[in-house]
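Engineer: Have a look at this fold, sequence not included:
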């Protein structure tokens, strides 16, 4: 029987491909079954702990872990098809891209998990929550910046696996041509906004939930993202402001040093009104 299969695969590459594909699918199915059982066991154990971060961590990292192992399996599978150069190259390229994307995804999810854990330790519902809001702003800004850097780096790594793109990159780096200047100018504003976001996270002229007056509008800082800030106005409208605006223009921040707000109240009353009850 073994001799028959050996002769069959030697004489017919199609049968060999079918057999290897079936083995690959069987391996993946078996792995997913075992992986699912293990994850369910971890989820059951995590649900019994008092920390909510356990469930959140499993939920975040489960899918990227599957893709990492899946891409590794494709790479191993492709090594058995090295005789077919074209098909081997295609599978190798797919496995490389999947592996790079999966590792990048796993890193971004890890950053989100750490950020979520840090945010859960903060309480901004107290009356004087300035310190908590300050830390929350820094955590969210650093999370956004780190994730953006990870995405850019891993996209660059994925593109560099293609020979044509690699040669193009070398050509741009070797000669400061017009294309390089255009790309540099286009990226300058985005890079400037990211640096502005980092500067705001460190110096903190504004924080999440700060009460501000900007462009004559009164509102609260609802979100601070890499490139823009979302201000919730008093009438439920939202004002979207570029992140670098806060470093170039004066604004009123009513809760910069404390969460308490002092305002002026005018009461128009009769001269006969007793003052003691007031």
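Structural biologist: Done, it's in. A quick note: this is a predicted structure, and the numbers were derived from the prediction, not measured.

Engineer: isn't residue 55 right next to residue 46, touching?
Structural biologist: Yes: Residue 55 lies in contact with residue 46 (Cβ atoms under 8 Å); the separation is 5.0 Å. Placement of C-beta: from N, CA and C, glycine included.

Engineer: okay, these two: which has more neighbours?
Structural biologist: residue 46 (17 against 14; other Cβ atoms under 10 Å).

Engineer: name the element the more buried one belongs to?
Structural biologist: helix 13-47 (DSSP states H and E).

Engineer: next structured bit after that helix?
Structural biologist: Assigned by DSSP H and E, the successor of helix 13-47 is helix 53-79.

Engineer: pLDDT weak spots in this protein?
Structural biologist: 1-18, 20, 50-54, 78-88, 127-129, 164-193 (pLDDT under 70).

Engineer: can you map out the helices along it?
Structural biologist: Counting by DSSP state H, the chain has helices at residues 2-11, 13-47, 53-79, 85-120, 130-159, 163-174, 178-203, 245-248.

Engineer: With distance to residue 265 added, can I get the ones you listed in CSV?
Structural biologist: Putting these into CSV (distance: least, Cβ to Cβ, whole Å) gives the following:
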stretch, distance to residue 265
helix 2-11, 89
helix 13-47, 51
helix 53-79, 44
helix 85-120, 36
helix 130-159, 24
helix 163-174, 63
helix 178-203, 33
helix 245-248, 29
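
Engineer: Which among the ones you listed is found nearest to residue 224?
Structural biologist: helix 130-159 (5.9 Å; Cβ to Cβ).

Engineer: quick check, distance from the closest one to the centre of its chain.
Structural biologist: Here the centre of helix 130-159 is set off from its chain's centre by 7 Å, with Cα atoms, centre = their mean, to the nearest Å.

Engineer: Just the buried residues of that helix, please?
Structural biologist: 130, 132-148, 150, 154, 158 (16 or more other Cβ atoms under 10 Å).

Engineer: got it, and stretch 112-132?
Structural biologist: 112, 113, 114, 115, 116, 118, 124, 129, 130, 132.

Engineer: One more: stretch 206-221?
Structural biologist: Across stretch 206-221, burial judged by 16+ other Cβ under 10 Å covers 206, 207, 208, 209, 210, 211, 212, 214, 219, 220, 221.

Engineer: what do you get for stretch 234-244?
Structural biologist: Applying a neighbour-count criterion of 16+ other Cβ under 10 Å, one finds 241, 243, 244 buried in stretch 234-244.

Engineer: So which of the buried residues of stretch 112-132 is the closest to residue 200?
Structural biologist: residue 130 (15.9 Å).

Engineer: Could you find the closest non-adjacent residue to the closest one?
Structural biologist: Of all residues not flanking residue 130 in the chain, residue 259 sits nearest, at 5.5 Å (Cβ to Cβ, 6 or more residues apart in numbering).

Engineer: And that neighbour, how far from residue 111?
Structural biologist: For residue 259, the distance to residue 111 (Cβ to Cβ, to the nearest Å) stands at 29 Å.

Engineer: what does residue 139 give?
Structural biologist: 11 Å.

Engineer: So for the protein, which residue is the most central one in space?
Structural biologist: By Cα atoms, centre = their mean, the mean C-alpha position of the chain lies nearest to residue 147, the distance being 4.3 Å.

Engineer: show me the residues around the nearest residue in space to that one that is not next to it in sequence that make contact.
Structural biologist: Leaving aside its sequence neighbours, residue 147 sits nearest to residue 108 (Cβ to Cβ, 6+ apart; 5.0 Å). Residues in contact with residue 108 (Cβ atoms under 8 Å, 6 or more residues apart in numbering) are 147, 150, 151.

Engineer: Quick check, the second one in contact with residue 104.
Structural biologist: Yes: if you go by Cβ under 8 Å, residue 150 and residue 104 touch, sitting 5.8 Å apart.

Engineer: how many neighbours does residue 39 have?
Structural biologist: 16.

Engineer: ok, now which ones touch it?
Structural biologist: By Cβ under 8 Å, 6+ apart, residue 39 lies in contact with 58, 62.

Engineer: Kindly recompute the last result at 10 Å.
Structural biologist: With contact set as Cβ atoms under 10 Å, 6 or more residues apart in numbering, residue 39 has these partners: 58, 59, 61, 62, 65, 66.

Engineer: any idea what sits nearest the fourth one, other than its immediate chain neighbours?
Structural biologist: Once its chain neighbours are removed from consideration, residue 62 has its nearest residue in residue 39; the separation is 5.7 Å (Cβ to Cβ, 6+ apart).
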